[in-house]
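1. Would you be able to build a 3D model of this:
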Amino acid sequence: MFRLAIRRRLLVPLFFTKLPAFSSISAAAAAVTVTDFPQNDTVSQIIAHFNSPPLRYSNKFLLSSLRNKSWLKNEVPKLGTCEIEIIIEKLSPENAIGFFFLLQNELGVKHSRYSQFIIAHLLAEKKRPRALVCHLQMVLKEEGSGSASSFCELLLKRFRDWNSNHMVWDMLAFVYSKSNMVHDALLVLCKMKDLCIQPSIRSYNSLLHSLRDTDIMWDIYSKLEADGPRPTDYTNSIFLDGLCRQSLIVEAVAFLREIEEKEAEPCIVWFNTLISGFCKLGFVDIAKSFFCKMFKYGASPDTYSYNILIHGLCVSGSLEEALNFSIDMEKHGLGPDEVTYNILAKGFHLLGMMDGAWKVSEKLLHTESNQDLLTYTILICGHCQTGNVEEGLRLREEMITKGLKLNCVSYRALHSSLCKSGHINEALSLLSEANDVGLKPDLYMYSMMIHGLCKLGEVKKAIHLYKEMCVKRIIPNSYSHNSILLGLCEKKSISEARSYFNALTNSDLMQDVVSYNIMIDRYIKLDNMREAVGLYESLLLKGIAPTIVTFNSFINGFCKAGKLADARRWLDDMKMHNLVPSIVTYTTIMNAYCEVGNLEATFMLLEEMERNGMEPNQVTYTVLIKGLCKQGKLEESVEVLRHMLSKGLATDQATYNTLIQCFCKARDYNRAFLLHDEMVRLNIQPNSVTYNILINWLCIYGNLSVAAKLFSSIQGQNFRLSKVAYTTLIKAYCAYGDVQNAMILFHQMGESGFEISLKDYSAVINRLCRRSLLNDAMYFFRNMLVDGTAPDLEICLVMHRSLHKAGYFRPKLQLYVLMIKCGFGPG
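-> Numbering: from 1, shown residues only. I've put the predicted structure just below:
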């Protein structure tokens, strides 16, 4: 019925429309009209939608209008792969590409290999190599290793006559090698040789890079030299790197000499590769000799050359020599950069000589005027790296006293360390100081400040700083935008956050998924699922791919709301977007199933998770234990704990506390205390929650003497019990009429530094009144007044009723007067 209605309403005179042809499709395919294939209303409508509009309609407009058609989502899942292939074949290249990705990214359609390679050829034809690489990466990620044979067969049978076929072959070899599927890449190259298709140097370089740790790289390089294309400087650099990685020092040197003879000019990249390789192998002296050789051949070392050699010297412990090279670097107009200073700082820290950096470089002070600045910068970077920003600031003061100016590296190191440690006001002052001495703060410094201010809730200051950035023509990045957005979500109203979000997205300042994730998560936390889903749909319309974070937010929200069917649906939607659920995803849903007692669904998810190659972590096992305990399956929960420990997973107090609570509830104190002892044996220190659980359940079931004994033994171990432990035992003493011990413990609680509140007094007085121990109740009531704790109406009424019932007229009258003084009125 639905299809009939669609036909009447939407079908256009398709059969009179001339189909656009493009060179890649064979003549036979291009000649086929729509009537040549079995008719399907949806197929006809989609082809007509693209092929019959006015010429002024753009590809983007056509896709957008198709996306908004209500019937699309219902009808596309009913299409077979052959029908989708027909549609793609009948569309122009741009429309075919757009339609393919619309189905894949937004409707979760799994395309056939034929469709995938039609799109690959169209992307190649449109000269879109980056898009082609991304597309093939997704295809290979889905198919995995060992798929090359079937892909080659498909390309041979169905795409041989396409003009862009040679580019697809080459890109396929390149993507296989880049994805470390080396055997597949080699198979593709063999097929290319049979077809007389010349692979690009890019494909060879990628393959050589993947094989640089193996002997096969020799064969690849020899084939390059014999058949072409001609090796580039980058090719030779990869080969040199491979020789160094395989510790073939003699061969590396011989190869360098060989290519030096062939090339007119030596390449600095070759020398850098050798210097890096020899430093990694620990042959720093050989690395130095090649560094010197660079000058001989007229290849001036660059900053990277110096940095890799300085790093090698630092690692080998030659710190003084490393400092000498950093000075030489400056002489050659390559002043040490941030990387250089960090390398030197790490070198000193590595040898435990952070404070000795000054002594090592002191010898150079007489000959080098700038050595003070070098040493201070190293020390500041080093202390900031280790989180000791206080020492870094002390050194800064020392520099200022000596009349030395901090460089941008020192300011960045100090500023970053202050922001990370939450000292935002000090970081702001430093930013102002850097401005005053003529050092312009960069994007990194502003971004760190904005993020730090937003974390502290100072969103207005962050926005002011953001505007200052813009005035100085420093273009803010997504990190700054998202920091402000997150700050507005957490510290301001959601309407302010949404206004800021809309301003960014409407002006195209930011179109990344992180901003959408922030807003979606906030709406979900406010239980506004409608707005969250609306943003998700907007994200898809803009062609932004959702991430695992997007789906986890929705799943978590639906789980908390108890809508497990919806949570499960979002899990399935995640898979349609080629996203693999994370351990957090599975654990969240498993926890929700445990809360409602659905253990069968919980363990089905566990099996699914393990089938997908994910090992449960400590949180997952704790969720399982909690679920089993809630159902009274205590032995099974202990088995899960044992399985967890056998896998070498570290457990914590939360896991054991869950089990101890359940055994206590079941009155199996012996097992509960055995679990406590096991914690101690495994060096998992029982915490206050552990003891609160034990004391509470012992008191609930009337084992007051055991609870008191446990309480005393813990005190004897110098373990600071929580206030809950005190109040639990005090209330139990009162409930059982042991007022003397209750009074002793009450005073101990105050002496231990815990604040005694009205709630604490009320709990004791209530229980004493219930047992008609009015003298003791009055004692606590008087103490409460002496301590300066004002009673509330509820406790006054409890006391008044009890005194009236017992016939204590005078105390009742005194209490009545007190109630009037407290403003409770004569009623």
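
2. separation between Leu172 and Ile216?
-> The gap separating Leu172 from Ile216 is 19 Å, by Cβ to Cβ, to the nearest Å. In short, each C-beta sits where N, CA and C put it, glycine included.

3. same question, Ser432
-> From Ser432 to Ile216 the distance is 58 Å (Cβ to Cβ).

4. more neighbours, those two?
-> Ile216 (15 against 10; other Cβ atoms under 10 Å).

5. List the contacts of that one.
-> For Ile216, the contacting residues are Val182, by Cβ atoms under 8 Å, 6 or more residues apart in numbering.

6. With Leu207 as the reference, measure out to it.
-> 9 Å.

7. One more: His464?
-> According to Cβ to Cβ, His464 stands 53 Å off from Leu207.

8. out of those two, which sits in the busier spot?
-> Leu207 (26 against 12).

9. Find the helix or strand that that one is a member of.
-> Secondary structure assigned from DSSP states H and E places Leu207 in helix 201-210.

10. From the chain's centre, how far out is that helix? Work that out for me.
-> 31 Å (Cα atoms, centre = their mean, to the nearest Å).

11. Please export the C-alpha coordinates of it as PDB.
-> The C-alpha trace of helix 201-210 is given here as PDB (Å, rounded to 0.1, in the frame of the first residue of the first chain):
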ATOM      1  CA  ILE A 201      57.100   6.100  -6.100                       C
ATOM      2  CA  ARG A 202      54.600   6.900  -3.300                       C
ATOM      3  CA  SER A 203      53.400   3.300  -3.200                       C
ATOM      4  CA  TYR A 204      56.900   2.000  -3.200                       C
ATOM      5  CA  ASN A 205      58.000   4.400  -0.400                       C
ATOM      6  CA  SER A 206      55.100   3.300   1.700                       C
ATOM      7  CA  LEU A 207      55.900  -0.400   1.200                       C
ATOM      8  CA  LEU A 208      59.600   0.200   1.800                       C
ATOM      9  CA  HIS A 209      58.700   2.000   5.100                       C
ATOM     10  CA  SER A 210      56.500  -1.000   6.200                       C
END
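
12. who touches it?
-> 170-171, 173-174, 177-178, 180, 182, 185-186, 189, 217, 220-221, 224, 229-232, 234-235, 238-239, 242.

13. Which among these count as buried?
-> 170-171, 173-174, 177-178, 182, 185-186, 189, 217, 220-221, 224, 231-232, 234-235, 238-239, 242 (16 or more other Cβ atoms under 10 Å).

14. Can you flag which of these belong to helices?
-> 170-171, 173-174, 177-178, 182, 185-186, 189, 217, 220-221, 224, 234-235, 238-239, 242 (DSSP state H).

15. Could you pull out the strands in the stretch 251-400 of the chain for me?
-> With DSSP state E, counting those that start in this stretch, there are no strands along the stretch 251-400 of the chain.

16. low-scoring stretches of it, by residue?
-> 263-266, 335, 347-372, 374 (pLDDT under 70).

17. how close does the residue positioned nearest the centre of the chain sit to Asn517?
-> Residue closest to the average C-alpha location in the chain (Cα atoms, centre = their mean): Val549, at 8.3 Å. Counting by Cβ to Cβ, the separation of Val549 from Asn517 is 5 Å.

18. now do Pro93
-> For Pro93 relative to Asn517 (Cβ to Cβ), the value is 33 Å.

19. next one: His49
-> Distance from His49 to Asn517, by Cβ to Cβ: 32 Å.

20. and what of Val640?
-> Distance from Val640 to Asn517, by Cβ to Cβ: 33 Å.

21. what do you get for Asp652?
-> Distance from Asp652 to Asn517, by Cβ to Cβ: 29 Å.

22. Of these two, which one has the most company?
-> For Asp652 versus Asn517, the count of surrounding residues by other Cβ under 10 Å is larger for Asn517: 22 against 14.

23. ok, now which ones touch that one?
-> 547, 549-550, 553.

24. Which pair of these spans the longest distance?
-> Thr547 and Ser553 (9.9 Å; Cβ to Cβ).

25. So between those two, which is more surrounded?
-> Between Thr547 and Ser553, counted using other Cβ under 10 Å, Ser553 has the larger neighbour count: 24 against 16.

26. can you tell me the helix or strand for the spatially closest residue to that one that is not a sequence neighbour?
-> Distance criterion Cβ to Cβ, 6 or more residues apart in numbering; nearest residue to Ser553, sequence neighbours excluded, is Asp521 at 4.4 Å. Asp521 is part of helix 513-525 when elements are defined by DSSP H and E.

27. residues near Lys723, how many?
-> 17.

28. isn't it right up against Gly753?
-> No: using Cβ atoms under 8 Å, Lys723 is not in contact with Gly753, being 9.6 Å away.

29. Now the phi/psi pair for Arg128, please.
-> phi -120, psi 70 (degrees, to the nearest 10).

30. contacting residues for it?
-> For Arg128, the contact set (Cβ under 8 Å, 6+ apart) is empty.

31. what do you get for Cys408?
-> Applying Cβ under 8 Å, 6+ apart, the residues contacting Cys408 are 434, 439, 442.

32. Looking at the residues you listed, which are in helices?
-> Among the contacts of Cys408, DSSP H puts Ala434 in helices.

33. And the contacts of Cys408, which of them are buried?
-> Applying 16+ other Cβ under 10 Å to the contacts of Cys408 flags 434, 439 as buried.

34. how about Ser447, phi and psi?
-> Given degrees, to the nearest 10, the pair of backbone angles that Ser447 has is phi -60, psi -40.

35. mind showing which ranges of the protein have poor pLDDT?
-> The chain contains residues with pLDDT under 70 at 1-40, 53-59, 68, 263-266, 335, 347-372, 374, 507-511, 825-827.

36. Ends of stretch 175-187, what's the gap?
-> One end of stretch 175-187 sits 13 Å from the other (Cα to Cα, to the nearest Å).

37. next one: stretch 715-725
-> End residues of stretch 715-725 are separated by 11 Å (Cα to Cα).

38. Can you list the buried residues in that stretch?
-> Quick answer for stretch 715-725 (16+ other Cβ under 10 Å): 721, 723, 725.

39. okay, now the closest residue to the second one other than its chain neighbours: neighbour count?
-> Nearest residue to Lys723 in three dimensions, chain neighbours excluded: Phe754, at 4.6 Å (Cβ to Cβ, 6+ apart). When counting by other Cβ under 10 Å, one arrives at 15 neighbours for Phe754.

40. What's the separation between Phe754 and Leu745?
-> In terms of Cβ to Cβ, Phe754 sits 11 Å off from Leu745.

41. Correct me if wrong: Asp787 contacts Ile756.
-> Yes: at 6.5 Å, Asp787 and Ile756 qualify as touching, with contact defined as Cβ under 8 Å.

42. wait, Ala654 sits on Val623?
-> No: the pair Ala654 / Val623 is not scored as a contact, 10.5 Å apart, by Cβ under 8 Å.

43. who has more neighbours, those two?
-> Val623 (26 against 15).

44. quick one: buried residues of whichever helix or strand Ser480 is part of?
-> When elements are assigned from DSSP H and E, Ser480 belongs to helix 478-491. Across helix 478-491, burial judged by 16+ other Cβ under 10 Å covers 478, 480-489, 491.

45. And the helix or strand just after it, what's buried?
-> Going down the chain from helix 478-491, the next helix or strand is helix 494-506, by DSSP H and E. Buried residues in helix 494-506, counted by 16+ other Cβ under 10 Å: 494, 497-498, 500-501, 504-505.
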